[in-house]
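*Asks:* coordinates for the following, if possible.
(2 chains)
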Amino acid sequence: MAETRLMTINMGPQHPATHGVLRLVLELDGEVIVKAVPHIGHLHRGVEKLAESKTYHQVIPLTDRLDYTNAMGNNLGYVLAVEKLLGIEVPKRAQYLRVMMAELQRIAAHLIWLGTHALDIGAMTLLFYNFREREEVLRIFEEVAGGRLTPTYMRIGGVSKDLPDGITDKIWSFVRAFPDHIKEYETLLTKNVIWLKRTQGIGIISKEDAINWGMTGPSLRGSGVKYDVRKAFPYSSYDEFDFDIPIGSVGDVYDRYIVRLREMEWSNAIVEQALERLPQGPILSDNPWVALPPKDHVLKDIDALIRQFKIASEGFQPPKGEVYVSVEASKGELGYYLVSDGSNRPMRMRIRPPSFLNLSALPKMIEGSLIADVISAIGSIDIVLGEIDR
Amino acid sequence: MAEINLAVKKLEEKFPNSVLEVKTFRGETTLNVSKEKVVEICKFLYSDPDLQFQMLTDLCAVDFFPERPRFEVVYLLYSMKNNERLRLKTRVEENESILSVESIWKAANWLEREVYDLFGIHFVNHPDLRRILLWDGFHGHPLRKDYPVEGPDFDKPFVPEV
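*Replies:* The predicted structure follows:
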């Protein structure tokens, strides 16, 4: 009798299908995975530690770089947390602009997910379509905020700039065309036999397990749990928008795919509603301790100049206390837990990264399945290592 | 708010000496509980049919150096049934350990590993307590307040051990 033993193989960190620098150590019995151990931390930059030495305003650019496909959503979560800590109100127009940008960003993030996920499984064409639409979103960001990947658009108390002239037409034309683009993607995948074989019944995780492992976002909703922070704890006027939460039933790769496609449609609808009902008014809170004064005041008025200087150099001092605010980022529940000791820097900023917990459930999904299915499973939970490693 | 009060009330009935403090700030309820009872309290919150805190949203630590006891371990629970959050906190001294809640929520597996990695707090009964973000053989715990933000050897050339 020949001796049989398990084979250990290393996948990543330089592997095109691990979406960054994820390393998996797989123990195989033939082609079947017996054990999978993820190793993370290759992209660890110590954002939580860095934030402790920066003023509250200076932390905003750090958040862009967490989940770099979802910068607007990351900004939003952080500024909401600081605003809750301070107890300040944000003008309605700024809230709507935030929602609009966060939803456009969700579309862009889901597009990058769809393209790379399909590419991993072998459907190469889709990537080019997805990047075509994503480019339009990034152009909109460039005009609105000045940055494409890391716009740093949100400010504590509002947003940095109002919409430039003519941008609403561009957003409208994107929003009107996008539902047809989703149909295009669907003709390539949804009923494609190869796609179905590679995704249906793969990487199943049950409702109970998904909750117990702390999964959130589309990965949780694919298993049939109707939990979305936008509905459960509405922030930034999300309760004024009309949208639904798509859920799956089986909890396999295919369900998570369908959930994200439907989510893009709803995001598109939310952007449309925000454009239709965009209120007039200021885009930044008028709280003199927190928000920078308008630039033309700074140039003419010595008080405003002093205020600008004080806020930019010293920041502000929120009351002692702690808050937890979470937003529905493209990957799931992105939470910020801020502890303030009354000084102008956060005493502790904890980021609750959705991908971190989604990834921790990956071994549960893939153990006992074939090695080729690992690729679909990793793609389906939509991880970004910048956020996992922070 | 009613459900949170229910959770607080139930806990105070069930564990009269273990709930040390109840605080509400900006609408968020925080309970300070004693370290020895954390797992029992979590089990109760998880399984009580009226509460059902089935999701461990987050688990992290805060360093209050030079206060004593030094660390605070924070549990953020979420109940899907009542759509409510509850925060539990407990104080841990520098060389003390704390019981793991991994047996209740699998989510705690990686979260506790991260707290161990970055703060050096030991979790007893954890199945696989290794460093997670930093590499094996790394010295120190960077999120501690006495760890310099530039790193302890920022002025020396970096030569990894082979």
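
*Asks:* kindly report the residues of the stretch 251-390 of chain A close to chain B.
*Replies:* Counting by Cβ under 8 Å from any Cβ of the partner chain, the positions of the stretch 251-390 of chain A adjacent to chain B are A:321-324, A:326, A:333, A:335, A:337, A:339, A:347-348, A:350, A:352, A:356-357, A:360-361, A:364, A:389-390. Where C-beta positions appear, they are placed from N, C-alpha and C, glycine not excepted.

*Asks:* so A:V59: helix, strand or coil?
*Replies:* Each residue gets one of three states, and A:V59 gets helix by DSSP: H, G, I helix; E, B strand; the rest coil.

*Asks:* what's the closest residue to chain A within chain B sitting at in phi/psi?
*Replies:* Relative to chain A, the nearest point of chain B is B:A107 (2.9 Å; Cβ to the nearest Cβ). Geometry field for B:A107 lists phi and psi as phi -60, psi -30, criterion degrees, to the nearest 10.

*Asks:* and it, how many residues sit next to it?
*Replies:* Counted with other Cβ atoms under 10 Å in any protein chain shown, the burial measure for B:A107 works out to 24 neighbours.

*Asks:* surely it is in contact with A:T216?
*Replies:* No - with contact defined as Cβ atoms under 8 Å, B:A107 does not count as touching A:T216 (10.0 Å).

*Asks:* how about the helices of chain B, start to end?
*Replies:* Listed in chain order, the helices of chain B (DSSP state H) span B:2-14, B:38-47, B:108-119.

*Asks:* for burial, what's the neighbour tally of A:G166?
*Replies:* 8.

*Asks:* quick one: what helix or strand has A:S355 in it?
*Replies:* In the assignment (DSSP states H and E), A:S355 maps to helix A:354-360.

*Asks:* quick check: next helix or strand after that helix?
*Replies:* Beyond helix A:354-360 in the direction of the C-terminus, DSSP H and E gives the next helix or strand as helix A:362-366.

*Asks:* which residues of chain A fall in strands?
*Replies:* In chain A, the strands defined using DSSP state E lie at A:7-11, A:23-29, A:32-39, A:154-155, A:158-159, A:321-328, A:333-340, A:348-352.

*Asks:* next: chain B.
*Replies:* Taking DSSP E to define them, one finds strands in chain B at B:19-25, B:28-33, B:55-63, B:71-79, B:84-92, B:97-99, B:122-124.

*Asks:* list the contacts for the residue of the stretch 101-250 of chain A found nearest chain B?
*Replies:* When scored by Cβ to the nearest Cβ, the stretch 101-250 of chain A has A:G214 as its residue closest to chain B, at 2.9 Å. By Cβ atoms under 8 Å, 6 or more residues apart in numbering or on different chains, the residues touching A:G214 are A:L357, A:S360, A:A361, B:M55, B:L56, B:T57, B:W105, B:K106, B:A107, B:L111.

*Asks:* which residues are in contact with the residue nearest to it when sequence neighbours are not counted?
*Replies:* Using Cβ to Cβ, 6 or more residues apart in numbering or on different chains and skipping the chain neighbours, the partner closest in space to A:G214 is B:A107 (2.9 Å). B:A107 makes contacts with A:N212, A:W213, A:G214, A:L357, A:S360, B:M55, B:L56, B:L59, as judged by Cβ under 8 Å, 6+ apart.

*Asks:* again, only this time at 10 Å
*Replies:* With contacts taken as Cβ atoms under 10 Å, 6 or more residues apart in numbering or on different chains, B:A107 has the following neighbours: A:211-215, A:356-357, A:360-361, B:55-59, B:101.

*Asks:* just A:A81 next, same as before
*Replies:* By Cβ under 10 Å, 6+ apart, the contact list for A:A81 reads A:56, A:59, A:63, A:156, A:323-327, A:335-338, A:346, A:349, A:351.

*Asks:* now, which of those sits nearest A:G73?
*Replies:* A:V327 (6.1 Å; Cβ to Cβ).

*Asks:* around that closest one, how many other residues sit close by?
*Replies:* Here the count is done by other Cβ under 10 Å, and A:V327 has 26 residues near it.

*Asks:* cool, and A:P16?
*Replies:* Other residues close to A:P16 by other Cβ under 10 Å number 10.

*Asks:* pLDDT score for the residue nearest to A:T18 when sequence neighbours are not counted?
*Replies:* If you skip the residues right next to it in sequence, A:T18 has A:G12 as its closest partner in space, 4.1 Å away by Cβ to Cβ, 6+ apart. Reported pLDDT at A:G12 in the predicted model: 75.

*Asks:* what of the one 4 residues further on?
*Replies:* At A:P16 the predicted local distance difference test score is 72.

*Asks:* test my guess that it contacts A:D120.
*Replies:* Yes - the pair A:P16 / A:D120 is scored as a contact, 7.7 Å apart, by Cβ atoms under 10 Å.

*Asks:* residues bridging contact with these two, i.e. touching both?
*Replies:* Both A:P16 and A:D120 are contacted by A:I375, under the criterion Cβ under 10 Å, 6+ apart.

*Asks:* nearest to A:G30 among the contacts of B:A107?
*Replies:* Proximity of the contacts of B:A107 to A:G30 was ranked by Cβ to Cβ; the top entry is A:A361 with 24.4 Å.

*Asks:* quick one: average pLDDT of the helix holding A:S355?
*Replies:* Confidence over helix A:354-360 (mean pLDDT, whole number) is 90.

*Asks:* tell me what that helix is packed against?
*Replies:* Helices and strands in packing contact with helix A:354-360 are listed as helix A:218-221, strand A:333-340, helix A:371-381, helix A:385-389, strand B:55-63, helix B:108-119; criterion 3 or more Cβ pairs under 10 Å, 6 or more residues apart in numbering or on different chains; DSSP states H and E.

*Asks:* comparing those, which comes out most buried?
*Replies:* Ranked by mean neighbour count, those are led by helix A:218-221 with a mean of 30 (mean count of other Cβ atoms under 10 Å in any protein chain shown).
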